[in-house]
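1. based on what follows, work out the 3D shape:
(one chain, ligands or ions: 3)
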Amino acid sequence: MKGVLLVNLGSPDSTNPKDVKKYLDEFLMDPRVIDVPRWARILLVRGIILNTRPKKSAAAYQKIWWEEGSPLIVLSERLQDKVKQKTTVPVALAMRYGSMTLQKGLQELVDQGVTEVLTIPLYPQFAMATTETIDVKVEELRKEFFPQLEVSSLPAFYKKPEYIDVLSRSIAEGLENADYEHVLFSYHGVPERHIRKSDITKSHCKIDGSCCVTASEAHKYCYRHQCLDTTRMVAEKLNLKEGTFSTSFQSRLGFDPWLQPYTDRTIERMGLAGTKKLAIVTPAFVSDCLETLEEIAMEGEEIFHEVGGKDFTVVPCLNDRDDFAQLLADWIDQWRLKDLKTAIA
Ligand SMILES: C=CC1=C(C)c2cc3[nH]c(cc4nc(cc5[nH]c(cc1n2)c(C)c5CCC(=O)O)C(CCC(=O)O)=C4C)c(C)c3C=C
Ligand SMILES: [Fe+2]
Ligand SMILES: [Fe+2]
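-> Ligands and ions are numbered 1, 2, ... in the order given. Below is the predicted model of the structure:
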């Protein structure tokens, strides 16, 4: 029998700094997130970052936490419920980090008699720190605990026309009653080094003005290309005029160069340059979370107002929109009926 595992990032169990520290330890000790030798990771994460970050992050989580729990988890559960209603295939939900483990999610499916699993990483664009770490962890678990299980994974879906349709519709609706001069597409950042590491050609990605718009095999795994392409396709669909939209990258951590331009500096620069009405969309996130609800909707708005900006509109993520749940259910049914590669390649 076939079954599906939806996978998102995960959140701490609570906003208690102790729980946040436990979560951050698992997250940042992942070699595909902080990709330095293990001894250096221990020094950096356990010796430096975890001394101060948990308290700061816990305070941020407190500002966005819901009565039912972490927004990212609650919204992922609501999405799971809707997808379940739209397909006959068992659908479980797991998180890459935290208590809702991948092992529990796979076990839940196996307990229902599932022998063939499709994992759906809830990330439209591929990144080593998101899609790849899920695929690798699932394979490790399969080998160790579920050797009979057949597992495949839905590749990054940023350029599937039906996804661009749903994303564009959600953005159009979010902007319907908004007053804005510019739409900023803000994606979670990654260190530039990650882009070079994921370059399967080993020579294409130079993170310059041209590589990401020059056709290459490398783009299958180039987060920067996939983000820029997502912006391009949505802008085309919504008829946004050149100069009225742009792309930036948020949430950098540490001192290495991350993908640029940085969102916080872009908001500041635009406000200082006289932009009064700014709209922000965050297409790297399927579910609203700390990075959209606090970093963008609270901190971003504060920065914009401080430099003279006025209207600041934040468009919600896809969350549990009916059309997004239907899209996932359609892909699941295509996979159920045919071979994954021919159905969704
Ligand atoms: C959307 C894709 C994401 C990528 C790519 C990504 C890379 C990445 N993240 C960190 C460090 C942190 N990220 C944090 C929160 C966070 N990150 C994503 C998504 C991506 N991260 C989400 C959805 C969230 C929110 C989780 C939630 O519970 O709401 C955090 C924790 C919060 C904080 O302290 O700021 C950290 C730390 C790195 C280092 C990285 C790439 C290498
Ligand atoms: Fe992150
Ligand atoms: Fe590139």
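2. flag the shaky bits of the chain, pLDDT-wise.
-> Along the chain, segments meeting pLDDT under 70 span 339-345.
3. which stretches of it form helices?
-> Taking DSSP state H, the helices of the chain run over residues 17-28, 38-41, 50-64, 71-86, 102-111, 133-145, 161-175, 192-197, 223-237, 263-272, 290, 301-306, 322-337, 340-344.
4. wait, what's in contact with the nearest residue to residue 250 once chain neighbours are set aside?
-> The spatially closest residue to residue 250, leaving aside those adjacent along the chain, is residue 263, at 3.8 Å (CB to CB, 6 or more residues apart in numbering). Using the backbone N, CA and C atoms, a C-beta is placed for each residue, glycine as well. Contacts for residue 263 (CB atoms under 8 Å, 6 or more residues apart in numbering) come out as 184, 186, 248-251, 296, 300.
5. one more time with 7 Å
-> Under the criterion of CB atoms under 7 Å, 6 or more residues apart in numbering, the contact list for residue 263 reads 186, 248-250, 300.
6. quick one: it from residue 98, how far?
-> 25 Å (CB to CB, to the nearest Å).
7. for residue 124, the count of nearby residues, please.
-> Residues near residue 124, counting by other CB atoms under 10 Å, number 23.
8. for it, grab phi and psi.
-> As for residue 124, its main-chain torsions (degrees, to the nearest 10) stand at phi -70, psi -30.
9. isn't it up against residue 157?
-> Yes. Shown here, residue 124 and residue 157 form a contact pair, counting by CB atoms under 7 Å, at 5.6 Å.
10. which neighbours do these two have in common?
-> Common neighbours of residue 124 and residue 157 (CB under 7 Å, 6+ apart) are residue 163.
11. run through the residues of the stretch 1-150 of the chain sitting next to ligand 1.
-> Contact residues, the stretch 1-150 of the chain versus ligand 1 (CB under 6 Å from any ligand atom): 9, 11, 24, 33, 53, 57, 70, 72, 123, 127, 129-130.
12. the same query, at a cut-off of 8 Å, please.
-> 8-12, 20, 23-24, 27-28, 32-35, 49, 53, 56-57, 60-61, 64, 70-73, 123, 125, 127-130 (CB under 8 Å from any ligand atom).
13. which of the contacts of residue 263 lies closest to ligand 3?
-> Nearest to ligand 3 among those is residue 249, at 13.5 Å by CB to the ion.
14. excluding chain neighbours, what is closest to the closest one?
-> Closest residue in space to residue 249, ignoring its immediate chain neighbours: residue 189 at 3.5 Å, by CB to CB, 6+ apart.
15. again, but for residue 101
-> Looking at residue 101 with CB to CB, 6+ apart, the closest residue is residue 94, at 6.3 Å.
16. and residue 9, by the same measure?
-> Using CB to CB, 6+ apart, the nearest residue to residue 9 is residue 96, at 5.7 Å.
17. count the residues that sit near that neighbour.
-> 24.
18. where's it relative to residue 265, distance?
-> Separation of residue 96 from residue 265 (CB to CB) stands at 29 Å.
19. ok, residue 71 next?
-> From residue 71 to residue 265 the distance is 26 Å (CB to CB).
20. who has more neighbours, those two?
-> Comparing residue 71 with residue 265 by neighbour count (other CB under 10 Å), the higher total belongs to residue 71, at 22 against 12.
21. these two touch, right, the more buried one and residue 294?
-> No. At 9.8 Å, residue 71 does not count as touching residue 294 under the criterion of CB under 7 Å.
22. mind listing what the residue in the stretch 151-300 of the chain that ligand 1 sits nearest to touches?
-> Proximity of the stretch 151-300 of the chain to ligand 1 (CB to the nearest ligand atom) peaks at residue 289, 3.1 Å away. For residue 289, the contacting residues are 71-72, by CB under 7 Å, 6+ apart.
23. do the same with the one 3 residues further on
-> Residue 292 makes contacts with 282, 285, 317, as judged by CB under 7 Å, 6+ apart.
24. what is the burial count for residue 40?
-> Neighbourhood size, residue 40 [other CB under 10 Å]: 12.
25. against ligand 3, how distant is it?
-> Separation of residue 40 from ligand 3 (CB to the ion, to the nearest Å): 27 Å.
26. what's the answer for residue 2, then?
-> Distance, residue 2 to ligand 3, using CB to the ion: 36 Å.
27. excluding chain neighbours, what is closest to that residue?
-> Once flanking residues are discounted, residue 2 sits nearest to residue 116: 4.7 Å by CB to CB, 6+ apart.
28. that neighbour contacts residue 150, doesn't it?
-> Yes. Using CB under 7 Å, residue 116 makes contact with residue 150 at a distance of 4.4 Å.
29. who has more neighbours, those two?
-> Neighbours around residue 116 and residue 150, counted as other CB under 10 Å, are more numerous at residue 116. The numbers are 17 against 12.
30. and that one, how far is that from ligand 3?
-> Using CB to the ion, we find residue 116 at a distance of 35 Å from ligand 3.
31. cool, and residue 43?
-> Residue 43 is 31 Å from ligand 3, by CB to the ion.
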